[in-house]
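Peer 1: For reference, the sequence and a predicted model appear below.
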Amino acid sequence: MSARGKDIASGPVRTSRKRAGLWAVSWVSVLLLLTGATSLINGNQVPVGGSANSPTASAEPLSSVSLTFDAGRASQMEAARILKEHGLRGTFFIDSGFVGAPDYMTADNLHSLAADQNEIGGHTVTLADVTSVEPDEASRQICNDRANLTDWGFKVTSFAYPFAASTPKSEELVAACGYNSARGLGEITTPVDCVGCAAVETVRPADPFRTRATSEVGSNWTLADLEATVAQAEKAGGWLQLTFYDVDNSGSPRSISPALFEQFATWLAAKTQQGTMAVRTVHDVVGGVAKPVVNGPVAAPAAPGQNAIRNPGLEIAGKYGLPQCWQVSSYGKNAVVLSTLTPGHTGAVARRLDVTEYASGDAKLLPVLDLGACAPSVSTGHSYSLRAWYQSTAKTQFEVYYRNKLGTWTYWTASPWFAANTSYEQAVWDTPPVPAGAEAISFGMNLFSDGQLATDDYEMYDTVGAPSP
């Protein structure tokens with residue numbers, strides 16, 4: 001989630017062959033011959049191989065295609081409209097913490113999907129790589145996403161790994177959270193990639209918590225590529241999962257045009273009439289009941305007098321050139337670069353933001369907007385003392401965000417400005433009382449002009465019992 005609503009394991013890691021860039025799992029028995037599929041909302045029954053308004057073929061098809069959609073992008077509602085017109089259904093994997101955010105679906109959109117017999121599945125709360133976070137955070141991301149979606153009235157049995165990244169440990173976590181299956185990416189051969197891979201997933205996958213799918217369908221795919229991928233699966237016999245992200249005219253690598261999707265849906269609907277291929281949701285193929293909801297472990301606020309910030313000195317290196325537990329966040333029109341300074345205010349390093357080409361917005365370094373591993377938990381009604389050492393060529397301030405129970409991050413408030421300093425000074429500011437519904441906060445010192453800002457040695461305390469600055 002963006003600023004002011006605009007920016008903000010164990011075992012080998014398995015990822016797709018074309019892993020998407022970062023934005024900052026035992027199966028129940030599967031029956032080959034299904035005679036009916038349970039709707040994932042309100043308990044209605046829907047015929048397999050068609051929508052609620054379309055008849056099934058008289059003979060059960062030997063092969064199945066599942067059309068899956070990742071992250072709950074708003075553009076996918078156009079795909080849903082096309083599916084409905086052609087009597088087809090899909091599985092939509094949702095990051096519940098992004099529901100209602102710009103460019104993402106609303107809760108009403110999800111209910112509309114389910115009313116049209118599409119499946120709602122899980123994709124973590126905040127699009128988390130569950131192989132790169134600690135186990136408790138991975139559990140919160142996986143379990144709490146399913147809990148949120150269940151609370152909204154959906155029967156959630158299917159999961160898809162963000163970035164197609166999984167390990168044996170994360171597969172165990174997905175199973176422990178009550179899912180019946182989990183999908184990877186990039187492990188089925190297509191005309192586009194994965195030469196030499198399998199032509200299709202088996203109906204009873206060898207690893208139900210890492211089911212094989214094609215790579216994500218994007219702007220480099222053609223109608224011929226889609227048709228050939230389905231045709232090879234039909235010939236091999238089994239289960240094919242195709243995955244889509246944006247369905248729009250942006251031309252971005254992760255999108256296909258509505259016109260192409262319409263052409264493919266028209267061809268696929270006609271294909272199902274031949275009786276050898278059916279379009280089913282993932283749940284249709286996997287089967288099984290919706291298991292009880294399991295919540296992830298609670299991240300408690302720091303004790304009085306304890307610094308709530310992880311890696312406060314920015315000394316521990318993380319991924320992508322960032323300090324562990326920290327991310328760069330920006331919005332508006334500007335260019336930002338994060339660099340490392342040696343030495344720091346204390347310790348070996350500090351970090352510096354350089355902002356150029358400034359026209360609007362701001363940029364900042366702040367604790368990762370997660371579910372508790374990095375973002376510090378808080379207590380409603382309490383105030384918190386925020387502190388950091390800084391030197392800068394321009395004025396700066398603390399920008400503060402909060403997370404609610406669903407895992408959604410929202411801009412909260414900002415401190416008064418702190419003056420530019422050529423040597424390190426400590427910025428100290430007490431927040432207002434934390435609003436009702438807030439479970440965690442994240443904060444950083446920002447630049448809202450061209451300039452340089454070096455920071456180090458962050459602290460955050462409940463004002464009750466906080467040490468003197």
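Peer 2: Noted; the coordinates are in hand. This is a predicted model, so every value here is computed, not measured.
Peer 1: In this protein, spot the strand with the most residues.
Peer 2: As assigned by DSSP state E, the longest strand anywhere in the chain is strand 451-462.
Peer 1: what's the following helix or strand after the helix-or-strand element of the chain with minimal mean pLDDT?
Peer 2: Every helix and strand of the chain was ranked by mean pLDDT, DSSP states H and E. The lowest is strand 45-46, at a mean of 30. Sequence order places strand 63-70 as the next helix or strand after strand 45-46, per DSSP states H and E.
Peer 1: Partner strands of that following strand, with direction?
Peer 2: The pairing partners recorded for strand 63-70 under DSSP bridges are strand 91-94 (parallel), strand 239-244 (parallel), strand 277-279 (parallel).
Peer 1: Minimum distance to residue 194: which of those has it?
Peer 2: strand 239-244 (12.9 Å; Cβ to Cβ). For the C-beta atoms, the positions are set from N, CA and C on the backbone; glycine is no exception.
Peer 1: so for whichever helix or strand comes after the closest one, what's the average pLDDT?
Peer 2: Where DSSP H and E defines the elements, the next helix or strand beyond strand 239-244 is strand 246-247. Across strand 246-247, pLDDT averages out at 98.
Peer 1: list the helices and strands strand 246-247 packs on?
Peer 2: Strand 246-247 sits against helix 76-85, strand 255-256, with contacts defined as 3 or more Cβ pairs under 8 Å, 6 or more residues apart in numbering; DSSP states H and E.
Peer 1: Tell me which stretches of the stretch 301-450 of the chain form strands.
Peer 2: Secondary structure of the stretch 301-450 of the chain, counting by DSSP state E, counting those that start in this stretch: strands at 326-331, 335-341, 350-356, 362-367, 384-392, 398-403, 409-414, 421-430, 440-447.
Peer 1: Out of the ones you listed, which gets nearest to residue 100?
Peer 2: strand 409-414 (10.4 Å).
Peer 1: In TSV, list the strands of the stretch 301-450 of the chain along with mean pLDDT.
Peer 2: Shown next, in TSV, are these (pLDDT from 0 to 100):
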stretch	mean pLDDT
strand 326-331	96
strand 335-341	97
strand 350-356	98
strand 362-367	98
strand 384-392	98
strand 398-403	98
strand 409-414	97
strand 421-430	97
strand 440-447	98
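Peer 1: would you list those in JSON lines and tack on mean neighbour count and distance to residue 293?
Peer 2: As requested, the strands of the stretch 301-450 of the chain are exported to JSON lines (neighbours: other Cβ atoms under 10 Å; distance: least, Cβ to Cβ, whole Å):
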{"stretch": "strand 326-331", "mean neighbour count": "22", "distance to residue 293": "29"}
{"stretch": "strand 335-341", "mean neighbour count": "15", "distance to residue 293": "39"}
{"stretch": "strand 350-356", "mean neighbour count": "20", "distance to residue 293": "39"}
{"stretch": "strand 362-367", "mean neighbour count": "26", "distance to residue 293": "28"}
{"stretch": "strand 384-392", "mean neighbour count": "22", "distance to residue 293": "31"}
{"stretch": "strand 398-403", "mean neighbour count": "24", "distance to residue 293": "20"}
{"stretch": "strand 409-414", "mean neighbour count": "18", "distance to residue 293": "23"}
{"stretch": "strand 421-430", "mean neighbour count": "15", "distance to residue 293": "38"}
{"stretch": "strand 440-447", "mean neighbour count": "25", "distance to residue 293": "21"}
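Peer 1: so which of those gets nearest residue 465?
Peer 2: Across the strands of the stretch 301-450 of the chain, residue 465 has its closest neighbour in strand 384-392 (10.0 Å, Cβ to Cβ).
Peer 1: out of the strands paired with strand 63-70, which comes closest to residue 179?
Peer 2: Across those, residue 179 has its closest neighbour in strand 91-94 (11.1 Å, Cβ to Cβ).
Peer 1: Give me the longest helix you can find in this protein.
Peer 2: In the chain, ranked by residue count with DSSP state H as the criterion, the top helix is helix 135-151.
Peer 1: Need the strands of the stretch 301-450 of the chain in TSV (columns: distance to residue 225).
Peer 2: As requested, the strands of the stretch 301-450 of the chain are exported to TSV (distance: least, Cβ to Cβ, whole Å):
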stretch	distance to residue 225
strand 326-331	36
strand 335-341	36
strand 350-356	41
strand 362-367	39
strand 384-392	51
strand 398-403	40
strand 409-414	37
strand 421-430	54
strand 440-447	42
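Peer 1: Let me know which of those strands is the nearest to residue 272.
Peer 2: Nearest to residue 272, of those and by Cβ to Cβ, is strand 409-414 at 41.6 Å.
Peer 1: Adding mean neighbour count, distance to residue 334 and mean pLDDT, write the helices and strands packed on strand 246-247 out as CSV.
Peer 2: Formatted as CSV, the helices and strands packed on strand 246-247 follow (neighbours: other Cβ atoms under 10 Å; distance: least, Cβ to Cβ, whole Å; pLDDT from 0 to 100):
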stretch, mean neighbour count, distance to residue 334, mean pLDDT
helix 76-85, 20, 30, 98
strand 255-256, 25, 26, 98
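Peer 1: so residue 255 touches residue 75, yeah?
Peer 2: Yes: contact criterion Cβ atoms under 8 Å: residue 255 and residue 75 qualify, at 7.3 Å.
Peer 1: any shared contact partners between these two?
Peer 2: Common neighbours of residue 255 and residue 75, using Cβ atoms under 8 Å, 6 or more residues apart in numbering, are 246, 247, 248.
Peer 1: and which of the residues you listed is nearest residue 404?
Peer 2: Using Cβ to Cβ, these come closest to residue 404 at residue 246, 26.4 Å.
Peer 1: how close does the closest one sit to residue 375?
Peer 2: Distance, residue 246 to residue 375, by Cβ to Cβ, to the nearest Å: 28 Å.
Peer 1: Ok, residue 386 next?
Peer 2: For residue 386, the distance to residue 375 - Cβ to Cβ - is 13 Å.
Peer 1: what helices or strands is the longest strand of the chain leaning on?
Peer 2: Under the contact definition 3+ Cβ pairs under 8 Å, 6+ apart, strand 451-462 sits against strand 350-356, strand 384-392, strand 440-447.
Peer 1: relative to strand 440-447, how tilted is the longest one?
Peer 2: Strand 384-392 and strand 440-447 meet at an angle of 20 degrees, taking axes from the mean of the first three to the mean of the last three Cα atoms, to 10 degrees as the criterion.
Peer 1: Any chance you could list what contacts strand 384-392?
Peer 2: For strand 384-392, contacts defined as Cβ under 8 Å, 6+ apart pick out 308, 345, 378, 396, 398, 400, 415, 418, 420-431, 434, 441, 443, 445, 447, 451-463, 466, 469.
Peer 1: List the residues that contact the most centrally placed residue in the chain.
Peer 2: The residue lying closest to the centre of the chain (Cα atoms, centre = their mean) is residue 127, at 1.6 Å. Counting by Cβ under 8 Å, 6+ apart, residue 127 makes contact with 23, 71, 95, 98, 162.
Peer 1: repeat for residue 404
Peer 2: Counting by Cβ under 8 Å, 6+ apart, residue 404 touches 410, 437, 438, 439.
Peer 1: at 7 Å what do you get?
Peer 2: 437, 438, 439 (Cβ atoms under 7 Å, 6 or more residues apart in numbering).
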